[in-house]
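>>> Fold the stuff below for me.
(2 chains)
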Amino acid sequence: MGLFDRHAGLLEAYRDVRTTGLDPFQIRMERVLSPTEAIINGKPTLLVGTNNYFGLTFDPSCMEAAIEAIRAEGTGTTGSRIANGSYTEHVALEQEIAQFYGKKHCMVFTTGYQANLGVISTLADQGDFLLIDADSHASIYDACKMTRAEVVRFKHNDPSSLEARLRRLGDKPGNRVVVLEGIYSMLGDSAPLKEFIDVCKKYGAYVLVDEAHSLGALGDNGRGLCEAVGVLDDCHFIVGTFSKTLGAIGGYCVSDDPDFDILRVTVRSYMFTASLPPSIVASVRQALRVVKAKPELRKQLWDNVSTLYDGLKEQGFTLGPEHGPVVGVHLPDRMTAIGFWRAMLEAGIYVNVAVPPATPNGVSLLRCSLCAVHTSEQLEHMVEVMTGIGRQMGVLPPPKLRAVSGR
Amino acid sequence: MRTAHQLTVENDGIADTATLARGILRADVIREICLHLEPYQAGEKPITGETVIAKDLTIDSLAIMDMVMELEDRFDVSIPMSVIAEIHTVDQLADTIQDLRASRG
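Next comes the predicted model:
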């Protein structure tokens, strides 16, 4: 058997996707012009699929901070924190994030993926139980492959399903660690966190919440769903990323646990990879200041969510269950989704296409992510384009002819 | 040609005596599994105890895990993901569910 034979099914599916000449998984941004525009296939294209929730990738103060840091400390650290040491700025960033959450400790990782991978697989080990939401991100699933803990899935956003699984564990020894996400990345829906926390308290389970898509977007100070529902103190570990709202790359985990720092010499994805370069640390620190100083960005983001979500809903599209910085548009099947995606790109709008097995329940989606600096004109145009394509492809019913009234 | 339903009926006699003591009929477990797998039946090939779930049917890995979650709640057991990974046939899945029920004490 050849090395790639096991991927035969996937190769075939992938070939189908690419026959039309555009590969949704290998798009080239020839030039990125702003948080909301890039040149793709030689054409200015509106970006509505880049998780750039606050549009800070081009924030002048963040860019200046990064440039300044490169001049002062060079382009990279060339090694891990435990081998090459921490720069003063790494430590400062960790303190600032801990303060932002009102938690005692923070560890910064080189990517958000590595934060989940390392923290989750280390917190729950042999003899422990890891309980994860069925729709968890790949980084959480990969952590499950690395841990020696027993892993059990519960139904997405269903506290009673979690409770049944905690109850079945009975009085077996071992820690229970429950992993949740603030906002789920495919459909943009939030966890019923208060109810989950109640269940976890009842069974003495530790709670880890991944706020990757909710940092900045939720809570009066942008700390995420934990803040929005008032359970910051009940979340033992909060994980997040610098690569979305904060416009760079990296991950973090905050906690009040007094022994938290032991993770610095136990979490392999922290120990055995190079630390964040000075420019990233500097731009992230500045981005966090911007998030604190400009709460209006959060309002702009949610206004834009309303424009797109309500606009598409009104035209008859089937969407994710609630408003969120991610708007998932359901399409009937994989090929329709890919065709729709291609038509949108040709019309100058870039979104993500998400098809099984990367999606929950085998659904095919166009995944749109909003940005605080999208203009309402851009989004109204997008609704119009999608409505046109939807009708052409038979996803939406033809427009009702308005009866001309004689009055 | 035997269908999944006929199979479970045929098996009832054997299953009855073998598993009555454990409080749940093996046939019930098999029937429930087959019910969940029916939508993924490939052509006319019937689903039996020997059916290799990921290979003989049109079900993908994620849908298998979702089906297991339904079965967990139906039979009030939790099947760890590492155990699910080792399950290949309908029989093995039924055995796992019955063993977990038996070991609940």
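>>> What score does A:His7 have for pLDDT?
For A:His7, the pLDDT comes out at 86.
>>> now swap in B:Arg2 and tell me
On the pLDDT scale, B:Arg2 gets 39.
>>> ok, now the one 3 residues further on?
pLDDT recorded at B:His5 is 43.
>>> go on, B:Thr19?
Residue-level confidence at B:Thr19 comes out at 45, pLDDT.
>>> swap in A:Leu11?
Per-residue pLDDT puts A:Leu11 at 84.
>>> tell me the SS of it?
Taken by DSSP: H, G, I helix; E, B strand; the rest coil, the conformation at A:Leu11 corresponds to helix.
>>> Pull the number of nearby residues for the closest residue in space to it that isn't next to it in sequence.
Once flanking residues are discounted, A:Leu11 sits nearest to A:Phe4: 7.3 Å by C-beta to C-beta, 6 or more residues apart in numbering or on different chains. C-beta: built from backbone N, CA, C; applies to glycine. Each residue near A:Phe4 was counted by other C-beta atoms under 10 Å in any protein chain shown, and the total is 9.
>>> unless I'm mixing things up, A:Phe4 is touching A:Glu12, no?
No: counting by C-beta atoms under 8 Å, A:Phe4 does not reach A:Glu12; the two are 12.0 Å apart.
>>> Next, count neighbours for the residue nearest to A:Ser364 when sequence neighbours are not counted.
Once its chain neighbours are removed from consideration, A:Ser364 has its nearest residue in A:Ala337; the separation is 3.8 Å (C-beta to C-beta, 6+ apart). Here the count is done by other C-beta under 10 Å, and A:Ala337 has 25 residues near it.
>>> try A:Pro44
Around A:Pro44 sit 11 other residues, with neighbours defined as other C-beta under 10 Å.
>>> Kindly report the same for the one 4 residues further on.
Other residues near A:Val48 number 25, with proximity taken as other C-beta under 10 Å.
>>> do the same with the one 5 residues further on
By the criterion of other C-beta under 10 Å, A:Tyr53 has 30 neighbours.
>>> for it, what are its contacts?
Neighbour list for A:Tyr53: A:213, A:216-217, A:244-245, A:301, A:325, A:369-372 [criterion: C-beta atoms under 8 Å, 6 or more residues apart in numbering or on different chains].
>>> If we use 6 Å, what do you get?
A:216-217, A:244-245, A:301, A:325 (C-beta atoms under 6 Å, 6 or more residues apart in numbering or on different chains).
>>> Up against chain A, what does chain B have?
Contact residues (C-beta under 6 Å from any C-beta of the partner chain) of chain B with chain A: B:60, B:62, B:78, B:80-81.
>>> Give me the neighbour count for residue 88.
Using chain A. Taking other C-beta under 10 Å as the criterion, the count of residues near A:Thr88 is 10.
>>> that's the wrong chain, I meant chain B
Applying the criterion other C-beta under 10 Å, we find 15 residues in the vicinity of B:His88.
>>> Which strand residues bridge the residue lying closest to it once chain neighbours are set aside?
Leaving aside its sequence neighbours, B:His88 sits nearest to B:Val52 (C-beta to C-beta, 6+ apart; 5.2 Å). In this entry, B:Val52 is beta-bridged to B:Thr89, by DSSP bridges.
>>> quick one: B:Val52 and B:Ile87 touch, right?
No: using C-beta atoms under 6 Å, B:Val52 is not in contact with B:Ile87; the gap is 10.0 Å.
>>> So between the two, which is more surrounded?
When neighbours are counted by other C-beta under 10 Å, B:Val52 and B:Ile87 differ, and B:Ile87 comes out ahead with 19 against 11.
>>> That one contacts B:Leu93, doesn't it?
Yes: under the contact definition of C-beta under 6 Å, B:Ile87 touches B:Leu93, with a separation of 5.1 Å.
>>> so where do the helices sit in the stretch 301-407 of chain A?
With DSSP state H, counting those that start in this stretch, the ranges of helices along the stretch 301-407 of chain A come out as A:334-346, A:376-392.
>>> what's stretch A:243-256 in contact with?
In this structure, residues lying in contact with stretch A:243-256 by C-beta under 6 Å, 6+ apart are A:51, A:53-54, A:56-57, A:97-98, A:101, A:103-109, A:111-112, A:115, A:119, A:215-216, A:237-242, A:276, A:280, A:283-284, A:287.
>>> Please read the previous query as pertaining to stretch A:25-36.
With C-beta under 6 Å, 6+ apart as the criterion, stretch A:25-36 contacts A:38-39, A:47, A:52, A:55, A:57-58, A:371, A:373-374.
>>> for stretch A:194-211, same thing?
Where contact means C-beta under 6 Å, 6+ apart, the residues beyond stretch A:194-211 that reach it are A:159, A:162-163, A:166, A:176-182, A:224, A:226, A:229, A:231, A:234-240.
>>> what's the span of that stretch, first residue to last?
The distance separating the two terminal residues of stretch A:194-211, taken as C-alpha to C-alpha, to the nearest Å, comes to 15 Å.
>>> which stretches of chain B have low pLDDT?
Using pLDDT under 70 as the threshold, the predicted model of chain B has low-confidence ranges B:1-23, B:105.
>>> Please apply the same query to the stretch 101-250 of chain A.
Low-confidence regions of the stretch 101-250 of chain A, defined here as pLDDT under 70, do not occur.
>>> who in it is up against chain B?
A:150-152, A:165, A:168.
>>> thinking again about what came up before, which ones among the contacts of stretch A:194-211 lie within strands?
Among the contacts of stretch A:194-211, the members falling in strands (DSSP state E) are A:176-181, A:237-240.
>>> Relative to A:Val351, which of those residues is nearest.
Distances from A:Val351 to the ones in strands among the contacts of stretch A:194-211, taken as C-beta to C-beta, are shortest for A:Glu181 (20.8 Å).
>>> Okay, the residue lying closest to the closest one once chain neighbours are set aside and chain B: tell me how far apart.
In space, and not counting its chain neighbours, A:Glu181 is closest to A:Asp210: 4.5 Å by C-beta to C-beta, 6+ apart. Distance check for A:Asp210 against chain B: by C-beta to the nearest C-beta, to the nearest Å, it reads 18 Å.
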